[in-house]
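[1] just coords:
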(Lines give C-alpha, C1' and ligand atoms only; values in the text may rest on other atoms or scores of the structure.)
Protein backbone atom coordinates (compact mmCIF):
# COMPACT_ATOMS: atom_id res chain seq x y z
CA UNK A 1 0.00 0.00 0.00
CA UNK A 2 2.77 2.47 0.92
CA UNK A 3 4.60 2.00 -2.40
CA UNK A 4 1.41 2.49 -4.40
CA UNK A 5 0.36 5.53 -2.34
CA UNK A 6 3.83 7.08 -2.68
CA UNK A 7 3.71 6.63 -6.47
CA UNK A 8 0.73 9.04 -6.45
CA UNK A 9 2.06 11.35 -3.72
CA UNK A 10 3.56 14.19 -5.76
CA UNK A 11 3.88 16.49 -2.72
CA UNK A 12 5.95 13.98 -0.71
CA UNK A 13 8.16 13.29 -3.73
CA UNK A 14 8.69 17.02 -4.37
CA UNK A 15 9.65 17.58 -0.72
CA UNK A 16 12.10 14.67 -0.82
CA UNK A 17 10.17 12.73 1.82
CA UNK A 18 11.16 9.06 2.01
CA UNK A 19 9.06 6.26 3.49
CA UNK A 20 11.34 4.24 5.78
CA UNK A 21 8.66 2.02 7.32
CA UNK A 22 4.92 1.58 7.05
CA UNK A 23 3.00 -1.04 9.00
CA UNK A 24 -0.40 -1.43 10.63
CA UNK A 25 -1.13 1.89 12.34
CA UNK A 26 2.42 3.20 12.07
CA UNK A 27 4.84 4.88 9.70
CA UNK A 28 8.34 6.33 9.75
CA UNK A 29 9.24 8.96 7.14
CA UNK A 30 12.33 11.14 6.68
CA UNK A 31 13.12 14.46 5.00
CA UNK A 32 16.27 16.56 4.75
CA UNK A 33 15.77 20.30 5.30
CA UNK A 34 16.81 22.11 2.11
CA UNK A 35 17.93 25.76 1.78
CA UNK A 36 14.67 26.44 -0.10
CA UNK A 37 12.73 25.38 3.02
CA UNK A 38 14.18 28.13 5.23
CA UNK A 39 12.14 31.09 6.39
CA UNK A 40 13.29 34.68 6.98
CA UNK A 41 14.90 33.65 10.28
CA UNK A 42 17.15 31.11 8.56
CA UNK A 43 15.35 28.11 10.08
CA UNK A 44 13.02 25.55 8.55
CA UNK A 45 9.59 27.01 7.85
CA UNK A 46 7.04 25.32 10.13
CA UNK A 47 4.87 24.43 7.16
CA UNK A 48 7.51 22.00 5.89
CA UNK A 49 7.79 20.32 9.29
CA UNK A 50 3.99 20.11 9.40
CA UNK A 51 3.98 18.59 5.90
CA UNK A 52 6.41 15.86 6.96
CA UNK A 53 4.36 15.06 10.08
CA UNK A 54 1.07 15.16 8.14
CA UNK A 55 2.48 12.80 5.52
CA UNK A 56 3.58 10.30 8.19
CA UNK A 57 0.09 10.59 9.69
CA UNK A 58 -1.46 9.87 6.29
CA UNK A 59 0.65 6.76 5.73
CA UNK A 60 -0.08 5.43 9.23
CA UNK A 61 -3.84 5.93 9.03
CA UNK A 62 -4.09 4.53 5.48
CA UNK A 63 -1.82 1.55 6.25
CA UNK A 64 -4.81 -0.79 6.39
CA UNK A 65 -5.73 0.20 2.80
CA UNK A 66 -8.91 1.88 4.02
CA UNK A 67 -9.55 5.37 2.60
CA UNK A 68 -8.81 7.71 5.51
CA UNK A 69 -8.43 11.49 5.48
CA UNK A 70 -7.49 14.10 8.07
CA UNK A 71 -10.34 15.67 9.99
CA UNK A 72 -8.23 17.72 12.40
CA UNK A 73 -4.50 18.20 13.01
CA UNK A 74 -2.41 20.24 15.41
CA UNK A 75 1.31 20.68 15.92
CA UNK A 76 3.58 22.02 18.63
CA UNK A 77 7.02 23.18 17.52
CA UNK A 78 9.66 22.46 20.17
CA UNK A 79 12.87 23.65 18.52
CA UNK A 80 14.00 24.94 15.13
CA UNK A 81 15.31 22.70 12.37
CA UNK A 82 18.27 23.84 10.27
CA UNK A 83 19.36 23.45 6.64
CA UNK A 84 20.90 20.04 6.02
CA UNK A 85 19.24 18.48 9.07
CA UNK A 86 17.64 15.09 8.49
CA UNK A 87 14.22 14.97 10.15
CA UNK A 88 12.35 11.78 11.02
CA UNK A 89 8.59 11.65 11.57
CA UNK A 90 7.37 8.64 13.51
CA UNK A 91 3.60 8.16 13.46
CA UNK A 92 1.67 5.75 15.64
CA UNK A 93 -1.97 4.94 16.10
CA UNK A 94 -3.24 5.91 19.55
CA UNK A 95 -6.89 4.90 19.15
CA UNK A 96 -8.85 3.37 16.28
CA UNK A 97 -12.64 3.23 16.00
CA UNK A 98 -14.77 2.07 13.06
CA UNK A 99 -14.87 5.51 11.38
CA UNK A 100 -12.16 7.51 13.16
CA UNK A 101 -8.71 7.29 14.67
CA UNK A 102 -6.23 9.33 16.65
CA UNK A 103 -2.55 9.38 15.68
CA UNK A 104 0.50 10.94 17.28
CA UNK A 105 3.56 11.91 15.26
CA UNK A 106 6.91 12.83 16.76
CA UNK A 107 9.36 14.70 14.53
CA UNK A 108 12.99 14.36 15.59
CA UNK A 109 16.35 15.55 14.35
CA UNK A 110 19.26 13.26 13.52
CA UNK A 111 20.35 13.37 17.17
CA UNK A 112 16.94 12.12 18.32
CA UNK A 113 16.03 15.49 19.86
CA UNK A 114 12.33 16.29 19.37
CA UNK A 115 11.56 19.06 16.88
CA UNK A 116 7.75 18.88 16.93
CA UNK A 117 4.78 16.95 18.28
CA UNK A 118 1.76 16.47 15.99
CA UNK A 119 -1.65 14.95 16.68
CA UNK A 120 -4.09 14.04 13.94
CA UNK A 121 -7.70 12.91 13.96
CA UNK A 122 -8.50 10.70 10.97
CA UNK A 123 -11.88 9.96 9.42
CA UNK A 124 -12.54 6.86 7.32
CA UNK A 125 -14.44 7.13 4.05
CA UNK A 126 -15.90 4.47 1.76
CA UNK A 127 -13.35 2.94 -0.61
CA UNK A 128 -9.62 2.28 -0.56
CA UNK A 129 -6.80 4.81 -0.96
CA UNK A 130 -5.04 2.71 -3.58
CA UNK A 131 -6.91 1.14 -6.45
CA UNK A 132 -3.82 -0.12 -8.29
CA UNK A 133 -0.08 0.58 -8.56
CA UNK A 134 -0.43 2.74 -11.68
CA UNK A 135 0.38 6.43 -11.10
CA UNK A 136 -2.33 8.83 -12.34
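    Happy to help now that I have it. Bear in mind that the values here come from a model prediction, so they are computed numbers and not experimental data.

[2] end-to-end on stretch 95-115?
    The first residue of stretch 95-115 is 23 Å away from its last residue (C-alpha to C-alpha, to the nearest Å).

[3] again with stretch 19-31
    9 Å.

[4] return the distance of it from the chain's centre.
    On the basis of C-alpha atoms, centre = their mean, to the nearest Å, the separation between the geometric centre of stretch 19-31 and that of its chain is 8 Å.

[5] could I get the average pLDDT for it?
    Per-region confidence: stretch 19-31 scores 97 on mean pLDDT.

[6] any buried residues in it, and which?
    Residues of stretch 19-31 classed as buried under the neighbour-count rule (16 or more other C-beta atoms under 10 Å) are 19, 22, 25, 26, 27, 28, 29, 30, 31. Placement of C-beta: from N, CA and C, glycine included.

[7] and stretch 87-99, by the same measure?
    Within stretch 87-99, judged by 16+ other C-beta under 10 Å, the buried ones are 87, 88, 89, 90, 91, 93, 96.

[8] so what pairs up with the first one in the strands?
    Residues found in beta-bridge contact with residue 87 (criterion: DSSP bridges) are residue 31.

[9] check contacts around it.
    Residue 87 makes contacts with 30, 31, 32, 33, 44, 49, 52, 81, 107, 108, 109, 115, as judged by C-beta atoms under 8 Å, 6 or more residues apart in numbering.

[10] all helices of the protein, in order?
    Using DSSP state H, the helices of the chain run over residues 2-8, 10-15, 46-61.

[11] could I get those as TSV with distance to residue 77 and mean pLDDT?
    What follows is these, written out as TSV (distance: least, C-beta to C-beta, whole Å; pLDDT from 0 to 100):
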stretch	distance to residue 77	mean pLDDT
helix 2-8	26	90
helix 10-15	18	97
helix 46-61	6	97
